[in-house]
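1. here you go, sequence then predicted model.
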Amino acid sequence: MSKYKTPALEKGLDIIEYLSEKSIPQSQIEISLGLDKTANEIYRMLACLEDRGYISKSTSGKYSLTLKLYHLSHTHSPIDGLLRVAKPFMEDLSNATHQACHMSIIQFDKLMVVSQTKSPGPVSLSVEEGSLFPLIKTTSGRVLLANLNENERDSILKKSKDFNELDLKNQNELLQALQHIKKTGYDLKESELTLGVTDIAIAIGDVSSGIYASIAISSLTALSENNKSRDFFIQQLQKTAALINNILGV
């Protein structure tokens, strides 16, 4: 903890972090209970955050985060260049596979979706840009972790609530899985977060440059070892990653 106390700033950050963890809007009472503070303690802070555009208040009186933090974090980000380069190739990938795809990055100890393209077909999965997911429970997150150096990876996992909730056996199994992903270059698994979806992810960019992300296909088709779509999707992902990396010079 910092030796310099800034109570008002800490309250504001607590509110932002609390709302980021919740999937649905929260009332003033819910926020105060979640932060173990009185409603009066956070009333002025909520009003300030709303005035500055960091949170919004619905007609029902509940608060949720806006995308202002997301936009601020990408105003001068090297990811912007990656997005400009990758978007056309992501669209080509969706057209070739008839599947939705999305790009993600590591945001602290979470996975953040920063771009998506939809399937050209009548049915398409959609992942909201700016959404946060557990790193270890997504193919994108595991691919990104697998390609980090050991110190960076361990530092992130040490902060991860999901990883720390695993027993030692499952932690070791995850670390072994990350080694396998690094060797194969991709991760393919049924989604742990969405029923009936299979995700395949591959890394793009370069860790050392800071231009580092993953691209994933989210398929409604079950992909087994004998499924031709499986190999086709992997090949298309590898082709897309190679094209993007070639332009990035990595």
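-> Good, I have the coordinates.
2. secondary structure element holding the residue of the chain positioned farthest from its centre?
-> In terms of distance from the mean C-alpha position of the chain, residue 40 ranks first, at 33.7 Å (C-alpha atoms, centre = their mean). Taking DSSP states H and E as the definition, residue 40 sits inside helix 39-51.
3. ok, then the element right after that helix?
-> Heading C-terminal from helix 39-51 (DSSP H and E), you reach strand 55-57.
4. got the buried residues for the host helix or strand of residue 83?
-> Taking DSSP H and E as the criterion, residue 83 maps to helix 78-97. Of all the residues in helix 78-97, those buried under the rule 16 or more other C-beta atoms under 10 Å are 79, 82, 83, 85, 86, 89, 90, 92, 93, 94, 97. Where you see a C-beta, it was placed from the backbone N, CA and C, and this is true even at glycine.
5. the fourth one reaches residue 248, doesn't it?
-> Spelled out, it's residue 85. Yes - Residue 85 is in contact with residue 248 according to C-beta atoms under 8 Å; the separation is 6.3 Å.
6. who does residue 186 form a beta bridge with?
-> Beta-bridge pairing for residue 186 (DSSP bridges): residue 202.
7. so that it lines up with my notes, have the first residue be 12 from now on.
-> Sounds good: first residue 12 from here, last item residue 197.
8. residues in contact with it?
-> 154, 211, 212, 213, 245, 248, 249 (C-beta atoms under 8 Å, 6 or more residues apart in numbering).
9. quick one: the helix or strand bottoming out on mean pLDDT in the chain to chain centroid distance?
-> Taking mean pLDDT, DSSP states H and E as the measure, the chain has helix 79-84 as its least confident helix or strand, at a mean of 77. Mean-position distance between helix 79-84 and its chain equals 15 Å (C-alpha atoms, centre = their mean, to the nearest Å).
10. and that helix, what does it pack onto?
-> Under the contact definition 3 or more C-beta pairs under 8 Å, 6 or more residues apart in numbering; DSSP states H and E, helix 79-84 sits against no other helix or strand.
11. quick one: contacts of that helix?
-> 27, 63, 64, 65, 140, 141.
12. neighbours of the first one, how many?
-> What it means is residue 27. 15 (other C-beta atoms under 10 Å).
13. distance-wise, check it relative to residue 202.
-> 28 Å (C-beta to C-beta, to the nearest Å).
14. got it, and the last one?
-> Taken as C-beta to C-beta, the spacing of residue 141 relative to residue 202 amounts to 19 Å.
15. got the domain boundaries for the chain?
-> Following automatic domain parsing, the chain resolves into domains at 18-77, 84-259.
16. just name the most buried of these.
-> Among the domains of the chain, the stretch with the highest mean neighbour count (mean count of other C-beta atoms under 10 Å) is domain 84-259, at a mean of 17.
17. right, and residue 200 touches residue 150 too?
-> Yes - between residue 200 and residue 150 there is a contact under C-beta under 8 Å: 5.6 Å.
18. which neighbours do these two have in common?
-> residue 210.
19. low-confidence stretches in this protein?
-> Scanning the chain for pLDDT under 70 picks out 12-14, 84-88, 233-238.
20. so which residues of it form strands?
-> Taking DSSP state E to define them, one finds strands in the chain at 66-68, 74-76, 111-118, 121-128, 143-145, 197-201, 209-217, 222-230.
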